[in-house]
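>>> below are the sequence and a predicted model for it; my questions follow.
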2 protein chains.
Amino acid sequence: MNGARALLSTLVANDVTVCFANPGTSEMQFVAALDEEPRMRSVLCLFEGVATGAADGYGRMSGGPACTLLHLGPGYANGAANLHNARRAHTPIVNVVGDHATFHRQYDAPLNSDIAALAATSSTWVKSADAPEAVAPLAAEAVAASRAGAGGPVSLILPADSAWLPAPDEPVTTAPRPPARVAAGRVASIADAIRCASKPVLLLGGRACLGEALAHAGRIAAAGVAVHSDTFVPRQPRGAGLFAPRKLPYFGEAALAELDGVDLMVLVGTTAPVSFFAYPGRPSLLVPEGCRTESLATREEDPAHALAALADALGAPLGGPLAALALPDAPQGALTPATVGRSIARHMPEGSVICDDAVTSGAAVMAATASARPHDVLALTGGAIGIGLPLAIGAAVARPESKVVALTGDGAGMYTVQALWTMAREALDVVVVVFANHSYVILNIEMTRTGAGRAGPAASRLLGLGEPKLDWVAISRGQGVPAERCTSAEEFDRAFRTAIAERGPRLIEAAI
Amino acid sequence: MNGARALLSTLVANDVTVCFANPGTSEMQFVAALDEEPRMRSVLCLFEGVATGAADGYGRMSGGPACTLLHLGPGYANGAANLHNARRAHTPIVNVVGDHATFHRQYDAPLNSDIAALAATSSTWVKSADAPEAVAPLAAEAVAASRAGAGGPVSLILPADSAWLPAPDEPVTTAPRPPARVAAGRVASIADAIRCASKPVLLLGGRACLGEALAHAGRIAAAGVAVHSDTFVPRQPRGAGLFAPRKLPYFGEAALAELDGVDLMVLVGTTAPVSFFAYPGRPSLLVPEGCRTESLATREEDPAHALAALADALGAPLGGPLAALALPDAPQGALTPATVGRSIARHMPEGSVICDDAVTSGAAVMAATASARPHDVLALTGGAIGIGLPLAIGAAVARPESKVVALTGDGAGMYTVQALWTMAREALDVVVVVFANHSYVILNIEMTRTGAGRAGPAASRLLGLGEPKLDWVAISRGQGVPAERCTSAEEFDRAFRTAIAERGPRLIEAAI
């Protein structure tokens, strides 16, 4: 057994069984070893940003890490923007980054670079397996590190000689550790603070938005405490039968208006909210003046236990206010993000996953789907656009029985447009909806907000995608994904219904 | 005048007049300032890797830096692989990386990351303009740093408040400094060493492959010294009327075979050759045993002066062996990289620029075009594929009167496929040739060389792009670039001739 084989062996022994890959010469041993390890599924991506975004989608839906296979520093760099998003989502991912053989590093060959320094900017743990016998122990350590604390992407650097030299046979295993529980004293003191506050709110983020934690938050809402969630939640189960925390608005002034008069903000699985960008003369911290913040559970702690204890301490009822199923009628007329949302709400089956990288159009879809059949929404956590299509790949691999709907703006979609090919190759059950407004619409809005004024001719050319217009149908079919363009609400409703009824990838260009 | 306007003013005052951009909210002031600075041409790219690769192509052809406009850490990360290539090519580039306002950084908003640490992995100089009055002086310093020594990409971080706050009016200028000349003593001692050696060679790299330096190297060849060049040269003028150094082969054993018996290697504008990758039991350093290496001129020093002095010291004649014009006949039959090369050689006009990102197919084109009309070849210097189309954008912007030919494999082409849109938008005179072999051919070769054995079913799925086949004609037309597919040598010859005769971007899928 060589180091590469030992690595695979330890990864699968720790339930890492999917690898999103774009290999190069230095990773050939790993690739060869896949032939002897059928428990590892490898998924080829034509660009590393697709691989890392897919690993993020996989990790958010499965709870455990996938691995990626990346080619030295440039391979990591290509995947780094989506790893930035994954770091913000606290998604466990194990990046395997191939490197030159240890004896070759000193010659500074063309592909050489400081991989460790690069990886440290978007990985929570980085180590290099500089000897074959170190590979399996470090792989186990990497898996554990990806799950430790709040979770996040980690990077194991694998020099080519560590992969090709003989290594010990035995896989190394590591058991996931449950998150720490918060002390009863903290719960009691926060319950007291809530009782004394005139306008207390809960703010949920990360794992506090999932499963039991969400249900207990609903109980607290039933006890009269307003419950909000972060603007961008890694994975938000929502729809009929679920408690729906109120998402904090994206723009700071809207968020502060919503929090007006709040004197106590209890944080669960998140930190105090801040404005996404800074603007001249506007506050960065989205906590009203005079409002006290208390952390019930950090990102690292068990939110379900903490929320259950708090609900009990507050004497909250056992149930909370849950969304009732309410499906909209068939939309008619002009095609807009809102009518797209109504079609999605009507046809999306239970258990669907929406991957949202539609910066300006996504909000209308979210509003329209709030009372749809239960589903999950994966959001753009780190602000690096180009994650929607990759996330959908990962979600579809993690949940082959689910329909995955990828929402993307045309600007964001072009970032990782190569993802379409992987959807076709793997026959993933994904419906891609591209909001084709031929513009970076958000930037036209932000231009004014930053005080930069109205865009003149030169500025406008940097904000518009309309010359020439992208033909998404051609781009999609060129990668093997059937596609069509819709220009009315009726057309889109029919196309989306058909896409849901069939299996396999489909793209719909929504000409809004 | 605000900081953004001051930045533009200083950039254009230092002859930085092209900006390859993909802006976001934090860069809105820069975008707005473009309306008031008509001397700066901005070129929108749909992905940052296109912007940085284009800046590389521009810098290689113009000799001076373009700037890029990148959106915080993720924007830089997306451009980092092509900046890695540019660092290896020593191309001057000034990256302007927008950042959060200085007062906002402390809140660790979603897009926050350690930009300086990230940029340091592929920039030779990184500073942050943390006050508006620092913007212009640091911009001038950045331009100077990009040109200093051997040249390279630099990064100026621009916090949003430094861009929007008032700044001094006066642009800051900096003059390029000529490279240092080597001492006469060094030239004399190397001339002596050459006279005493039984088999001396010159190895040229970087600027030693250009203009007068190349001509003087030809004189030295005429005096009986074998002259080689690096395998990957940033910019190589070649074809009729030019001296052609012999390119070192890519594979180490072939390079060492070619250097067999060499006892003196004189380096000019480069360092001792090393194998691109390491392989079990094969040497990394491509210098024959017992061979002495001497540096005539480092990358930082003036190669033309040094080579002229050495040629004189060796009593070399005034001319060297120059390639004679020899255009091949029209190719017939099956379409291969060699027949593609013959068509390119036949039809490519004088002054054309070939951007080569076709890892396995490019060599046959290079062989076929050695005696074509004089042209330049820009190579993949850092091994990060996905540079061919972006380089072509930059070369076409730098040299609007030239035909640019981009050669790319299908694997490499998909990395930055968004580049096609910018070619269409800017009506750039680029002919893209995609070698569609539906495989990472190089990896099938490397698999055996690394000792990983033959690819089985699982491994093969990571090396093949054939399921489904990419339809480059659809992908190209979808972005506004006219395209056709050719399956025979005759078809390709006709298509390429037509593409050369017309202006504007064209893509030809060569089904080899």
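Received it, and whenever you're ready, just let me know what you need. Numbers count the residues shown, from 1 in each chain, chains lettered A, B, ... in the order given.
>>> next, see if the lengthiest helix in chain A gets close to chain B.
Using DSSP state H to assign secondary structure, the helix with the most residues in chain A is helix A:72-89. Yes: where contact is defined by C-beta under 8 Å from any C-beta of the partner chain, part of helix A:72-89 touches chain B, namely A:Leu72, A:Gly73, A:Pro74, A:Gly75, A:Ala77, A:Asn78, A:Ala80, A:Ala81, A:His84, A:Asn85, A:Arg88. For glycine as for every other residue, the C-beta is placed from the backbone atoms N, C-alpha and C.
>>> worst mean pLDDT across the helices and strands of chain A, which element?
The element with the least model confidence among the helices and strands of chain A, by mean pLDDT, DSSP states H and E, is helix A:441-449, at a mean of 85.
>>> got a list of contacts for that one?
Outside of helix A:441-449, the residues within contact range by C-beta atoms under 8 Å, 6 or more residues apart in numbering or on different chains are A:251, A:277, A:279, A:359-360, A:409, A:453-455, A:459, A:463, B:23-25, B:28, B:31-32.
>>> name the residues of the stretch 251-400 of chain A found near chain B, please.
Listed as neighbours of chain B in the stretch 251-400 of chain A under the rule C-beta under 8 Å from any C-beta: A:274-278, A:280, A:284-285, A:381-384, A:386.
>>> which among those gets closest to B:Gly152?
Using C-beta to C-beta, A:Ala384 is the member of these that sits closest to B:Gly152, with 25.4 Å.
>>> got a list of what the closest one touches?
A:Ala384 makes contacts with A:Ala81, A:Asn82, A:His84, A:Asn85, B:Pro74, B:Ala77, B:Asn78, B:Leu111, as judged by C-beta under 8 Å, 6+ apart.
>>> distance check, A:Pro390 against chain B.
Taken as C-beta to the nearest C-beta, to the nearest Å, the spacing of A:Pro390 relative to chain B amounts to 13 Å.
>>> that residue in helix, strand or coil?
helix (DSSP: H, G, I helix; E, B strand; the rest coil).
>>> sticking with the closest residue to it other than its chain neighbours, tell me its helix or strand.
Excluding its sequence neighbours, the residue lying closest to A:Pro390 (C-beta to C-beta, 6 or more residues apart in numbering or on different chains) is A:Gly53, at 2.5 Å. Assignment of secondary structure by DSSP states H and E places A:Gly53 within helix A:48-62.
>>> A:Arg186 now?
Of the helices and strands defined by DSSP H and E, A:Arg186 is found in helix A:184-196.
>>> buried stuff in that helix?
For helix A:184-196, the neighbour count (16 or more other C-beta atoms under 10 Å in any protein chain shown) marks A:Arg186, A:Val187, A:Ile190, A:Ala191, A:Ile194 as buried.
>>> surely A:Asp161 touches B:Ala278?
Yes: contact criterion C-beta atoms under 8 Å: A:Asp161 and B:Ala278 qualify, at 7.1 Å.
>>> ok so, going back, what packs against the helix holding A:Arg186?
If contacts are counted by 3 or more C-beta pairs under 8 Å, 6 or more residues apart in numbering or on different chains; DSSP states H and E, helix A:184-196 sits against strand A:264-268, strand A:292-297, helix A:303-313.
>>> identify the residues contacting A:Val126.
A:Val126 neighbours (C-beta under 8 Å, 6+ apart): A:Ala116, A:Ala119, A:Ala120, A:Val154, A:Ser155, A:Ile157.
>>> distance of the third one from B:Phe492?
To tie it back to what came earlier, the one meant is A:Ala120. A:Ala120 sits 47 Å away from B:Phe492 when distances are taken as C-beta to C-beta, to the nearest Å.
>>> when the two are compared, which one has more neighbours?
Legend: neighbour count by other C-beta atoms under 10 Å in any protein chain shown for A:Ala120 and B:Phe492, higher for B:Phe492 (27 against 17).
>>> tell me how many other residues crowd the residue nearest to A:Pro390.
The number of residues packed near A:Gly53 is 35, by other C-beta under 10 Å.
>>> list the contacts for it?
Counting by C-beta under 8 Å, 6+ apart, A:Gly53 makes contact with A:Asn82, A:Asn85, A:Ala86, A:Gly386, A:Ile387, A:Leu389, A:Pro390, A:Leu391, A:Ile393, A:Gly394, A:Thr416, A:Ala419.
>>> the last one contacts A:Leu391, correct?
It stands for A:Ala419. No: between A:Ala419 and A:Leu391 there is no contact, the gap being 9.1 Å when judged by C-beta under 8 Å.
>>> overlap in contacts, the two.
With C-beta under 8 Å, 6+ apart applied, the overlap between the contact sets of A:Ala419 and A:Leu391 consists of A:Gly53, A:Ala54.
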